[in-house]
Structures are given as structure tokens and as C-alpha cells.
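Novice: predicted model and sequence follow; I will ask about them next.
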Amino acid sequence: MARILITSGPTRQYLDPVRYLTNASSGRMGAALADAALQRGHEVVVISGPVSIDYPAAAKVIRVVTTTEMLEVTSHEFKTADGLIGAAAPCDYMPTHVESQKMSKTGHGLHLELVETPDIVATLGASKSRSQWVVGFALETEDIRFRAIVKMSRKCCDMIVSNSGDAMNSETNSVEVILRNGEIVGQFRGSKQNVAHDIVGLVQSHLIDALKPGTTP
Ligand code: C5P
């Protein structure tokens, strides 16, 4: 049995107490992956941004709001985990300054100054031990396979799941699963439940079983 972390859903970056930046991630893929991993008998910890879906009751769910919070919680949990599946869509930008009171309209436009948020998958990919593994997701609209492979390398992932662009906030998904050596080990299409089941099957055979102590990766 492995202890698997799954980041899931969007994060929020507040501009003031009521307005925030976010995206349309529903958390459905994270929930489906959690379910598939639990069915294989693994211990599952979901670190989720704000979502309206339910996660499986058998998973430990830790709720966060911002990308920095998601990084802090995931880094802490990763110390005792075997691997991470980064299915979240963390908000990539945050304002340099958060107003403490609601901003009033002035009749003019508003310029926001944004900086990049920390990258959770890249941070943990760079710090993982030899027996730990990290799976990233990539959602691209052009040069899809090439960009997914570049992303896997840049974020030090052991496997990347390349999503189709219509995966966001949808019931279905179409993915290609690529290993660190560039080998394409799966192409799946269908409900997020079925696709998650197939992805976790590949995580099991290529990462969990292959990186067991005593085996040579
Ligand atoms: O760079 P991009 O956002 O396309 O990468 C997607 C992958 O990186 C996903 O696995 C996502 O969960 C992860 N990610 C992250 N932290 C961020 C942005 C993306 O872990 N701040």
C-alpha cells in the first residue's frame, strides 16, 4: 500500500476581501483519481482548493484556499508520502498587494500587478527522494505532446498526463500518459472515472511497483 497525495481543484488569489483570481477547475479529476487509488487499497490524502464536489469519504481531505497554502500543506504531507499526483489547477498569478478593504470603483480602469505563484509539482519534483515519485498534468492547446514532455522535464516529474483542452470543468477527459524517458504508455478517453482508473493503473505498474525498495528504476 502506498501513501498517495493528490492536489485537486483550483486555488484562489484574493485582490481584496471579496474579489479573487481563479479558474474553472471542478476537482472532478482529483476526486476520480482519489477513488481509483482507494480502490487499489492505497492511503489517499487530497489537498483541495475550493470546490463544490465531494471527495470519497475514505480519503483524508485537507482544504486550502491559495496556491501558497496548497504548497505548504502538500510539502508537509509529502515528507511521509510515497508519491504525488498534481491534478490541481493552482492559480498561477497572485497580486503583489492585497487590499485589506474592498476596493471602491473610481470610474476608471484598474491595473493589477501580478507575480507568479510557487509551483507545487516543480517544488516537490525537485526535492523528492529516490523512492518518491511525482506525476504532473499538462493542459496545452498546441504542440501538445512536445510541451507536455518539456513540462515533465522542467518540473522533474516521473510521469506526465497530457490532457485535452476541453478537460476543464467537464465530465469527460482524453489523455496521453508519458514516462520520463519519453515513452507513451497510455492513451485514454472517456469519463473521468474510467480515465482516472487507467492512469492509476499506470502509476501502479510504472511508479509504485517499479520504485519499491530493492528494485532498480
Ligand atoms: O505549468 P502548468 O500549470 O501547465 O503545469 C500543470 C501541472 O503543474 C499540473 O500538474 C498542476 O497541478 C501543476 N501546478 C502546480 N503548481 C502551480 C501550477 C501548476 O503544482 N502553481
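Specialist: Structure's in. What do you need?

Novice: list the buried residues for the lowest-mean-pLDDT helix or strand in the chain?
Specialist: Least confident helix or strand of the chain, by mean pLDDT, DSSP states H and E, is strand 172-179 with a mean of 92. Using 16 or more other C-beta atoms under 10 Å as the test for burial, strand 172-179 gives 173-179. Backbone N, C-alpha and C define where each C-beta goes, glycine included.

Novice: mind putting those into TSV with distance to R145?
Specialist: Formatted as TSV, these follow (distance: C-beta to C-beta, whole Å):
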residue	distance to R145
N173	16
S174	13
V175	12
E176	7
V177	11
I178	7
L179	13
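
Novice: distance check, M152 against the ligand.
Specialist: 9 Å (C-beta to the nearest ligand atom, to the nearest Å).

Novice: count the neighbours of that residue for me.
Specialist: Using other C-beta atoms under 10 Å, M152 has 25 other residues around it.

Novice: thought it was touching M159?
Specialist: Yes: counting by C-beta atoms under 8 Å, M152 touches M159, with 7.4 Å between them.

Novice: mutual contacts of these two, please.
Specialist: Taking C-beta atoms under 8 Å, 6 or more residues apart in numbering as the contact rule, M152 and M159 both touch 136, 178, 180.

Novice: does P17 touch S100 like I think?
Specialist: Yes: counting by C-beta under 8 Å, P17 does reach S100; the two are 7.4 Å apart.

Novice: which of the two has more neighbours?
Specialist: Per other C-beta under 10 Å, whichever of P17 and S100 has more neighbours is P17, with 12 against 7.

Novice: any idea how far that one is from P90?
Specialist: Computed with C-beta to C-beta, to the nearest Å, the distance linking P17 and P90 is 21 Å.

Novice: and for R147?
Specialist: Using C-beta to C-beta, R147 is found at 18 Å from P90.

Novice: the more surrounded of the two?
Specialist: P90 (28 against 16).

Novice: let me see the contact set for that one.
Specialist: 7, 10-11, 49, 67, 70, 117, 119-120 are the contacts of P90 under C-beta under 8 Å, 6+ apart.

Novice: and for G182?
Specialist: Residues near G182 by C-beta under 8 Å, 6+ apart: I149.

Novice: the protein: strands as residue ranges?
Specialist: 3-8, 13-14, 20-21, 43-48, 60-63, 83-86, 93-95, 114-116, 133-139, 159-163, 172-179, 184-191 (DSSP state E).

Novice: pLDDT weak spots in this protein?
Specialist: Applying pLDDT under 70 to the chain flags residues 166-169, 213-217.

Novice: could you tell me which residues of it lie near the ligand?
Specialist: 7, 67, 86, 88, 90, 92, 117, 119-121, 136-138, 151 (C-beta under 6 Å from any ligand atom).

Novice: list buried residues within those residues.
Specialist: Using 16+ other C-beta under 10 Å, the buried members of the residues of the chain next to the ligand are 7, 67, 86, 88, 90, 117, 119-121, 136-138, 151.

Novice: helices of this protein, start to end?
Specialist: 28-39, 67-78, 120-127, 144-154, 192-203 (DSSP state H).

Novice: deepest of those helices, which one?
Specialist: The highest mean neighbour count among those, using mean count of other C-beta atoms under 10 Å, belongs to helix 28-39: a mean of 25.

Novice: thank you, goodbye.
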